[in-house]
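**Student:** Please work out how this folds:
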Amino acid sequence: MARACSVLFLLASSLAVSARSWYQPRGHPVHELFNRQNVGGGVADIGSAAWTAQYPADLATASVPAAWKAAYTNAVNAGLIPNIPVTTLGTDGLAKYPEGFDALSPTVCASAQECRINGSIPQIWDATPGYAGISFDDGPVDLPTASDLYAFLKENHQPSTHFLIGSNILANPDSFKQLVQDPQQELACHTWTHPVMTTQTDDQVLLELGWTLKIIHDSTGGRVPRLWRPPTGDSDMRVCAIAYHVFGLTTVIWNYDSNDWQIGAPDATGTYTDESVTASLTGWLNGPKTPGLLMLEHELNNHTVGCFKDTYSLHKANNWISTTVSDAIAAPSWYQNSLNNTAPVAALDVAAPAPSTVPSPHTLAVTTSTTPPASAPSAATTKGSSKNASNGVSDVGPLAMISSTALLGALLCSVAFW
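**Tutor:** A predicted model of the protein is given here:
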């Protein structure tokens, strides 16, 4: 019997070693025994001093972490990062390339001048026909403004995507905390300080993207965003290559610019009002379904949020399938290592190679919350996709088998030696 006991425990141990992945609720004691970094354990509370201390107060004095630099160096050595010089800003506010570099050439392809990359690197401008990818740039902002938008989205069970500025997350933790509590809100990257990205050196691009991904990753149970949007829509082959080959990011631009950010702005390039922006949004929502809509909107202030709210009813009235950007472009998942905000998370560090597939929610067996949030069907569900948001559940998979085997072994041992 003692030999049988040993065999059973060895079997359990071998299963533990060979298991590809496992998931348990955050508070489960197994996290102390099998501590896997970046799957939600041991992370400081959002807004706490420990949380704040993890991120750079001034990006200008920050250094690029070794892992990100190594991933970048590997991409350069593989010939994946084109040697395109940084731009300088002209008096008109537009990025200018040195003589000999054509912004509209396929080798440079500046998105600020509406050059679309030919497919060598993922870049998105349009949604799927019939879809409207709802998104908001530049958050999170002050709590009163943020709460107004976030409460509206939650009350209407409306999925959307938030292209977040890393330094704004750090400065507005209460707003960010409210945002992450709504499982229907996709989180994406909008850089750390909102610079014109083609003016940034390669190292600066690494810092802008990497730290924004890191603060989202650390605050969401280890999820790594799949999407990023360049501030002012400014990117080129170099910037997009770093985003994709180092961080696994798909670049998202837009096909309609509401110019809502210019309402009352001292640096506005035209005369924009609540009425003019609302009229533009109304025209697009009443317009053709092809291509699908990726409208540039912001969560900056009461004006920008008000324009969205005032035209929101037109989404339903015109039978748009209005959802997150990822669902509107038929992306395989919201995050590189998780289907959405409630599905299991595969352990993944920022700038590490992403898994070829994300964990499936279909074998879920254990709830991670006693009060799982309600979730409206996503656009991907409407299309028959496997991306069904499973509210507050987690895949125990091989670990459940290991636990059962170990318990059986313990029982047999106790019988043998009783």
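**Student:** drop to CA atoms for contacts and neighbour counts, all remaining ones
**Tutor:** Will do.
**Student:** burial count for Thr232?
**Tutor:** Neighbours of Thr232 under the rule other Cα atoms under 10 Å: 14.
**Student:** ok, now Met197?
**Tutor:** Around Met197 there are 25 other residues, counting by other Cα under 10 Å.
**Student:** Which pLDDT value belongs to it?
**Tutor:** What the model reports as pLDDT for Met197 is 99.
**Student:** Might one say that it is in contact with Arg229?
**Tutor:** No. Using Cα atoms under 8 Å, Met197 is not in contact with Arg229; the gap is 10.4 Å.
**Student:** Residue ranges of each domain in this protein, please.
**Tutor:** 2-42+393-417, 59-382 (automatic domain parsing).
**Student:** okay, Leu408: pLDDT?
**Tutor:** For Leu408, pLDDT reads 42.
**Student:** got it, and the one 4 residues further on?
**Tutor:** With respect to pLDDT, Leu412 has a value of 43.
**Student:** Check Glu186 too.
**Tutor:** So, for Glu186, pLDDT stands at 99.
**Student:** before we move on, what about Gly119?
**Tutor:** Looking at Gly119, its pLDDT is 88.
**Student:** Give me the buried positions along the strand or helix carrying Trp51.
**Tutor:** Element membership of Trp51, judged by DSSP states H and E, is helix 49-52. Neighbour-count burial for helix 49-52 flags 51-52 (criterion: 16 or more other Cα atoms under 10 Å).
**Student:** hmm, who's touching the next helix or strand after that helix?
**Tutor:** The first helix or strand that comes after helix 49-52 along the chain, using DSSP H and E, is helix 66-77. Residues outside helix 66-77 that contact it (Cα atoms under 8 Å, 6 or more residues apart in numbering): 81, 206, 210, 242, 245-246, 350-352.
**Student:** at 7 Å what do you get?
**Tutor:** With Cα atoms under 7 Å, 6 or more residues apart in numbering as the test, helix 66-77 has contacts from 81, 245-246, 351.
**Student:** Buried residues in that helix, which are they?
**Tutor:** Within helix 66-77, the residues that count as buried by 16+ other Cα under 10 Å are 68-69, 71-72, 75-76.
**Student:** Dump those into a markdown table; add distance to His315 and pLDDT as well.
**Tutor:** Output for the buried residues of helix 66-77, formatted as a markdown table (distance: Cα to Cα, whole Å; pLDDT from 0 to 100):
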| residue | distance to His315 | pLDDT |
| --- | --- | --- |
| Trp68 | 40 | 98 |
| Lys69 | 43 | 98 |
| Ala71 | 42 | 98 |
| Tyr72 | 41 | 99 |
| Ala75 | 42 | 98 |
| Val76 | 44 | 98 |
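**Student:** Just put those residues in JSON lines and tack on distance to Pro56.
**Tutor:** JSON lines is the format used below for the buried residues of helix 66-77 (distance: Cα to Cα, whole Å):
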{"residue": "Trp68", "distance to Pro56": "15"}
{"residue": "Lys69", "distance to Pro56": "17"}
{"residue": "Ala71", "distance to Pro56": "21"}
{"residue": "Tyr72", "distance to Pro56": "20"}
{"residue": "Ala75", "distance to Pro56": "25"}
{"residue": "Val76", "distance to Pro56": "26"}
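**Student:** Pick out whichever of those residues sits closest to Gln158.
**Tutor:** For the buried residues of helix 66-77, the residue nearest Gln158 by Cα to Cα is Trp68; the value is 34.7 Å.
**Student:** Tabulate the domains of the chain (TSV), appending distance to Trp51.
**Tutor:** Below are those laid out as TSV (distance: least, Cα to Cα, whole Å):
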stretch	distance to Trp51
domain 2-42+393-417	11
domain 59-382	9
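**Student:** Most tightly packed of those?
**Tutor:** domain 59-382 (a mean of 19; mean count of other Cα atoms under 10 Å).
**Student:** closest to Pro106 among the contacts of helix 66-77?
**Tutor:** Nearest to Pro106 out of the contacts of helix 66-77 is Ile81 (Cα to Cα; 14.1 Å).
**Student:** Can you classify that closest one as helix, strand or coil?
**Tutor:** With DSSP: H, G, I helix; E, B strand; the rest coil as the basis, the three-state label of Ile81 is coil.
**Student:** which residues in the stretch 151-300 of the chain form strands?
**Tutor:** Along the stretch 151-300 of the chain, the stretches classed as strands by DSSP state E, counting those that start in this stretch are 160-164, 185-189, 227-228, 250-252, 256-257, 295-296.
**Student:** Quick check: which of these is nearest to Gly130?
**Tutor:** strand 295-296 (13.5 Å).
**Student:** weakest of the domains of the chain in terms of mean pLDDT?
**Tutor:** domain 2-42+393-417 (a mean of 39).
**Student:** rewinding a little: save the strands of the stretch 151-300 of the chain as a markdown table, and put in distance to Lys154 too.
**Tutor:** What follows is those, written out as a markdown table (distance: least, Cα to Cα, whole Å):
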| stretch | distance to Lys154 |
| --- | --- |
| strand 160-164 | 10 |
| strand 185-189 | 9 |
| strand 227-228 | 22 |
| strand 250-252 | 24 |
| strand 256-257 | 25 |
| strand 295-296 | 20 |
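**Student:** of all these, which lies closest to Phe176?
**Tutor:** strand 160-164 (9.4 Å).
**Student:** For Gly90, which non-adjacent residue is closest in space?
**Tutor:** The spatially closest residue to Gly90, leaving aside those adjacent along the chain, is Lys96, at 6.4 Å (Cα to Cα, 6 or more residues apart in numbering).
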